[in-house]
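# what follows is a predicted structure for the sequence shown.
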Amino acid sequence: MEDSIGVRSGALTFTTDFGTRDHYVGAMKGVVARVAPEVRVFDITHEVPHFDIAEGAFAIAQAYSYYPVGTVHVVVVDPGVGSARRPLAAAIDGHFFVAPDNGVLSQVLDGADGAEIRTIEMRHGLCQMSQTFHGRDLFAPTGAKLAGGMPFEGIGERVEDPIRLPPVAVSCGVGQVLHIDAFGNIVTSFGIHDLSDGAALAVAGKLVRSRSETYASAPAGELFMIAGSSGYIEVSLSCGSAAAAISAGVRAGDRVVISHSGSGVAGDSVQSASDIS
């Protein structure tokens, strides 16, 4: 399937903060099966922290490019559902995205060339639409129609000013925590080339100096830095949770600082989990 924007792969993904306890994900999949039964549906994650737009932006940016060109990605982290926020469809790097206009596509848009973004007209949704579940009533049917070959130009009017989150950036040795995964690995905004030899990272006021190329080669019980699969430096703990070891309160958005001297950063140096109160 192809229109003037590009091919369709016949695949559709979901990324949400819904979890899997309730019926929400199943209802969205049912809509896709009804609207476009030939479309293959994949789950990227439904465990984005509730209402956390930045975490949703990270999740979809890390995963979408591993799907075939022409895949439609439905991203629903939507604390503003039912408000005046716009529903959007976007064509970016050969992929299609359906999401609320709240910044959840920010990381996908960062560095993208020639993105085309359109509002979604309500006629593409279900006939009966609630004000609390646009994932089911608008985003899922629109995504299904796109995956089934509906022309992208027919979605709605073009948008030139989508809402963007502040860019993920490193400035003067200061970055942030982007994500903490289920293993407790702390993903920072620093790339491998941001850290010179001998530099340490301060997370939640604690210094981490050790480095390892693999999880298995790191000494047991010792916090270390590693180049993670997302392309960012992570702080990890072999067979344990670095986040729990450093501070139960560390979370996405927290400041991370490069230290070259091992001094001038609040907190004691960290070499192993047993040293941390």
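Noted; the coordinates are in hand. Numbers count the residues shown, from 1 in each chain.
# so what's the closest residue to A169 other than its chain neighbours up against?
Distances taken as CB to CB, 6 or more residues apart in numbering place S189 nearest to A169, at 7.1 Å, with adjacent residues excluded. All C-beta spots, glycine's among them, are computed from the backbone N, C-alpha and C. By CB atoms under 8 Å, 6 or more residues apart in numbering, the contact set of S189 is V168, A169, V170, G175, Q176, V177, L178, Y232, V256.
# from M122, how far off is R34?
Applying CB to CB, to the nearest Å, the value for R34 to M122 is 18 Å.
# measure N102 to A202 for me?
Using CB to CB, we find N102 at a distance of 31 Å from A202.
# you'd agree G82 is up against M129?
No. Look at G82 against M129 with CB atoms under 8 Å: they stay out of range, at 10.1 Å.
# starting at the chain centroid, how far to stretch 135-146?
20 Å (CA atoms, centre = their mean, to the nearest Å).
# what does that stretch contact?
8, 12, 16, 18, 24, 27-29, 31-32, 35-36, 39, 72-74, 76, 78, 81, 87, 89, 96, 98-100, 120, 122, 124-126, 128-130, 152, 155.
# in the stretch 51-200 of the chain, mark out all the helices, start to finish.
53-63, 106-109, 134, 140-147 (DSSP state H, counting those that start in this stretch).
# highest average neighbour count across these?
Counting by mean count of other CB atoms under 10 Å, helix 140-147 has the highest mean neighbour count of those, with a mean of 28.
# need the CA coordinates for that helix. PDB is fine.
The C-alpha trace of helix 140-147 is given here as PDB (Å, rounded to 0.1, in the frame of the first residue of the first chain):
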ATOM      1  CA  ALA A 140      -7.100   3.600  17.500                       C
ATOM      2  CA  PRO A 141      -9.500   3.900  14.600                       C
ATOM      3  CA  THR A 142      -7.400   6.600  12.900                       C
ATOM      4  CA  GLY A 143      -4.300   4.500  13.200                       C
ATOM      5  CA  ALA A 144      -6.100   1.500  11.900                       C
ATOM      6  CA  LYS A 145      -7.400   3.400   8.800                       C
ATOM      7  CA  LEU A 146      -3.900   4.800   8.200                       C
ATOM      8  CA  ALA A 147      -2.300   1.300   8.500                       C
END
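# compute the number of surrounding residues for the residue nearest to S241 when sequence neighbours are not counted.
Using CB to CB, 6+ apart and skipping residues adjacent in sequence, the residue nearest S241 is G184, 2.6 Å away. G184 has 17 neighbouring residues, counting by other CB atoms under 10 Å.
# now G184: how far from I246?
9 Å.
# which residues sit in contact with I44?
Residues in contact with I44, defined by CB under 8 Å, 6+ apart, are T13, F14, T15, A59, I60, A63, Y64, H73.
# cool, and G228?
Contacts here follow CB under 8 Å, 6+ apart; on that basis G228 touches N185, V187, E234.
# and T15, what element?
strand 11-16 (DSSP states H and E).
# and for that strand, what's in contact with it?
With CB under 8 Å, 6+ apart as the criterion, strand 11-16 contacts 24-25, 28-29, 32, 39-46, 48, 56, 59-60, 63-64, 67-68, 70-77, 135, 143-144, 147.
# filter these down to the ones in strands?
R40, V41, F42, D43, I44, T45, V72, H73, V74, V75, V76 (DSSP state E).
# could you list the low-confidence segments of the protein?
Where the chain drops to pLDDT under 70, the residues are 1-2, 4, 248, 261-277.
# the domain parsing of the protein - what is it?
11-154, 174-275 (automatic domain parsing).
# return the most buried member of those domains.
Comparing the domains of the chain by mean neighbour count (mean count of other CB under 10 Å), domain 11-154 comes out on top with a mean of 19.
# how far does it sit from the chain's center?
Distance, centroid of domain 11-154 to centroid of chain: 13 Å (CA atoms, centre = their mean).
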